[in-house]
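Visitor: for reference, the sequence and a predicted model appear below.
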Amino acid sequence: MTQIDTNPASQSIEVLKRFNLSLLRSANLFRWVGYGFLLLTLLDIAEILFPPRFMNPAWELQAMGQLVERVAVPLLGFILVFFGERNSRERWEVPLVKLFSWLTLLYAVLYFLLVPLGVINTLRIDKQIISKLLLKLNVYKLKFRSYKLGWEQSILLKRWRL
């Protein structure tokens, strides 16, 4: 005869064991989804950065905007890869997770370095716009002077004819 345990503590322990086992089974699926997100992020970054047009502040600012716009996918990918820590990991995953840990740090540092680059590019674009506006202003001033001179000459000619 089997004895049915009616102790509430042992029943709750059994529920927790079942939950833990189902969570471990889900962790493998989460990790593979995370690897997929990271692979898609890599392809997305390659699409954004190639062909590179460095020293073009407009392209750099646009690329920065696209990278920041897509930051949620790699973060979610890293979270899913790191889910479950070392529990039920394959042997090949342990060095890969260490590499991803360092890549996460590098990723964060690069995003922090985007801030001064964005400020510098904004100032460069501002200088380009101001120089274009000043050039247009000088062209309009020359046109205005030529119209004014032509108008003054026509007035003088009218006076001399009278």
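Guide: Great, that's in hand. Residues are numbered from 1 along each chain as shown.

Visitor: helices of this structure, start to end?
Guide: For the chain, the helices defined by DSSP state H cover 8-49, 57-69, 72-82, 93-161.

Visitor: now for the shortest one, which elements pack on it?
Guide: It refers to helix 72-82. helix 8-49, helix 93-161 (3 or more CB pairs under 8 Å, 6 or more residues apart in numbering; DSSP states H and E). (Glycine included, C-beta is placed from N, CA and C.)

Visitor: swap in 6 Å and give it another go.
Guide: Judged by 3 or more CB pairs under 6 Å, 6 or more residues apart in numbering; DSSP states H and E, helix 72-82 is in contact with helix 8-49.

Visitor: and if you look at the first one?
Guide: Helix 8-49 is packed against helix 72-82, with contacts defined by 3+ CB pairs under 6 Å, 6+ apart.

Visitor: how many other residues sit next to residue 49?
Guide: For residue 49, the neighbour count with other CB atoms under 10 Å is 14.

Visitor: so how far is residue 98 from it?
Guide: Residue 49 sits 26 Å away from residue 98, going by CB to CB, to the nearest Å.

Visitor: swap in residue 61?
Guide: Residue 61 sits 34 Å away from residue 98, going by CB to CB.

Visitor: higher neighbour count, the two?
Guide: Higher neighbour count among residue 61 and residue 98: residue 61, with 17 against 10, using other CB under 10 Å.

Visitor: need the contact list for the more buried one.
Guide: Contact analysis of residue 61 by CB atoms under 6 Å, 6 or more residues apart in numbering lists residue 121.

Visitor: now with 8 Å, please.
Guide: Each residue near residue 61 by CB atoms under 8 Å, 6 or more residues apart in numbering is listed here: 118, 121-122, 125.

Visitor: do residue 34 as well
Guide: Taking CB under 8 Å, 6+ apart as the criterion, residue 34 is in contact with 76-83.

Visitor: let me know the closest of the residues you listed to residue 39.
Guide: residue 77 (8.4 Å; CB to CB).

Visitor: excluding covalently adjacent residues, which one is nearest to the closest one?
Guide: residue 37 (3.1 Å; CB to CB, 6 or more residues apart in numbering).
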